[in-house]
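# Okay, here's the prediction I keep looking at, along with the sequence it came from:
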Amino acid sequence: MTVRVERDKATGVAVVTLDRERRHNAIDLETAAELTEVWREFRFAEDVRAVVLTGAGSAAFCTGIDRGVEVPQPGSPYSVDDPLAAIGPKAGDLWKPVVAAVNGMACGGAFYLLGESEFLIASSSATFFDPHTAYGMVSAYEAVYMAQRMPFGEAARMSLMGTAERLSAARAYEIGLVSELTAPEELLPAALRAAETLAGFPTEAVQGTVRALWSAKQSALQQALSQAPALISLGNLAPERQAELFGSRRPGPEFRLR
């Protein structure tokens, strides 16, 4: 198992932990399938009324898709087989509130999860970046999700700057991507406090409010996501060239605090 689930029936909160610490909680096909199953199972779990989503360890919340995953693609620019398409709670038709507790790096495919969480709480050591353009890849789904949560200019800068810089937790809090900033040791307790509050309210009202919030932007979101397959097919470099760029990567030392 690469996804750890802990339920507290007394509080109604489930903690979902990406449990691949040695791989910086990158998502392989097994992890993707487990996440999809978890969200769909939670729809029927009356003892789960709110969820905290986090990553194992302190180095990373999630670093997106595992580079070892090979997914054959159709030969049409209008079709893309995306192994991360169903990893988010909303993709799994779950309308119970999800609080993301972001510890360490959150990049690339992590935005599928952050984009479908209700709100983010982050450790002061968290950083956010999108490496796609640096590796000759189109940031499509990730950019769309972040454009829904951040001022457009901030989302554009992060999506375009690739590995050249990282958005600090402090800056993410200033622009509203993160709703609460904590010391590293206080991250999970803070997320649990918020989730326990939500779980303590009448669940029908909470889920209805979650659905109402998402309905406010879902039409635009779905229209934008529908363009992603063609943009990725037309704009991505060949896989061998992506691998070459990835293999020669250098860590981006720049942290944008302001």
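Thanks, I have it. Numbering: from 1, shown residues only.
# contacts, neighbours, all on C-alpha from now
Noted.
# phi, psi of A56?
Reported as degrees, to the nearest 10, the phi and psi values for A56 are phi -70, psi 140.
# Pass me the low-pLDDT residue ranges in the stretch 1-150 of the chain, would you?
The stretch 1-150 of the chain contains residues with pLDDT under 70 at 77-78.
# Spell out the residue ranges of the strands in the stretch 51-200 of the chain.
With strands called from DSSP state E, counting those that start in this stretch, the stretch 51-200 of the chain shows them at 60-62, 98-102, 105-107, 119-123, 127-129, 165-168, 180-182.
# Now tabulate these in TSV and tack on distance to V48.
Formatted as TSV, the strands of the stretch 51-200 of the chain follow (distance: least, C-alpha to C-alpha, whole Å):
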stretch	distance to V48
strand 60-62	22
strand 98-102	11
strand 105-107	25
strand 119-123	18
strand 127-129	29
strand 165-168	32
strand 180-182	23
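# Kindly provide the distance from L113 to P89.
Distance, L113 to P89, using C-alpha to C-alpha, to the nearest Å: 8 Å.
# A10 now?
A10 sits 23 Å away from P89, taking C-alpha to C-alpha as the criterion.
# Have a look at those two and say which one is more surrounded.
Comparing A10 with P89 by other C-alpha atoms under 10 Å, the one with more neighbours is P89, at 28 against 9.
# is it true that that one touches S117?
Yes - with contacts counted by C-alpha atoms under 8 Å, P89 reaches S117, the gap being 7.4 Å.
# if I look at these two, which residues touch both of them?
Shared contacts of P89 and S117, defined by C-alpha atoms under 8 Å, 6 or more residues apart in numbering, are found at V98.
# how about the helices in the stretch 51-200 of the chain?
Along the stretch 51-200 of the chain, counting by DSSP state H, counting those that start in this stretch, helices occupy 110-115, 141-147, 152-161, 169-174, 187-200.
# right, so of those helices, which gets closest to A50?
helix 187-200 (5.2 Å; C-alpha to C-alpha).
# Pull out the buried residues from the closest one.
Neighbour-count burial for helix 187-200 flags L187, L188, A190, A191, L192, A194, A195, E196, L198, A199 (criterion: 16 or more other C-alpha atoms under 10 Å).
# Looking at those, spot the one nearest F128.
Within the buried residues of helix 187-200, proximity to F128 (C-alpha to C-alpha) peaks at L187, which comes in at 16.2 Å.
# Verify the stated contact: that closest one with A100.
No - using C-alpha under 8 Å, L187 is not in contact with A100; the gap is 10.1 Å.
# Grab the most central residue of this protein for me.
L113 (2.7 Å; C-alpha atoms, centre = their mean).
# Let me see the backbone angles for the nearest residue to that one once chain neighbours are set aside.
Closest residue to L113 apart from its sequence neighbours, by C-alpha to C-alpha, 6 or more residues apart in numbering: G88 at 5.1 Å. The phi and psi values for G88, taken as degrees, to the nearest 10, are phi -90, psi 160.
# E116 is in contact with G88, correct?
Yes - here G88 reaches E116: they are 5.8 Å apart, a contact under C-alpha under 8 Å.
# CA-only coordinates of stretch 172-187 in CSV, if you can.
Output of stretch 172-187 as CSV, limited to C-alpha atoms (Å, rounded to 0.1, in the frame of the first residue of the first chain):
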residue,chain,number,x,y,z
ALA,A,172,1.7,31.4,-0.9
TYR,A,173,0.0,32.6,2.3
GLU,A,174,0.2,36.3,1.2
ILE,A,175,-1.5,35.6,-2.2
GLY,A,176,-4.3,33.4,-0.7
LEU,A,177,-3.1,30.0,-2.0
VAL,A,178,-2.6,28.9,1.6
SER,A,179,-5.2,29.8,4.2
GLU,A,180,-3.0,29.1,7.3
LEU,A,181,0.7,29.0,7.9
THR,A,182,2.2,27.0,10.8
ALA,A,183,5.5,25.8,12.2
PRO,A,184,6.4,22.4,10.8
GLU,A,185,5.5,20.6,14.0
GLU,A,186,2.1,22.3,14.2
LEU,A,187,1.0,21.4,10.7
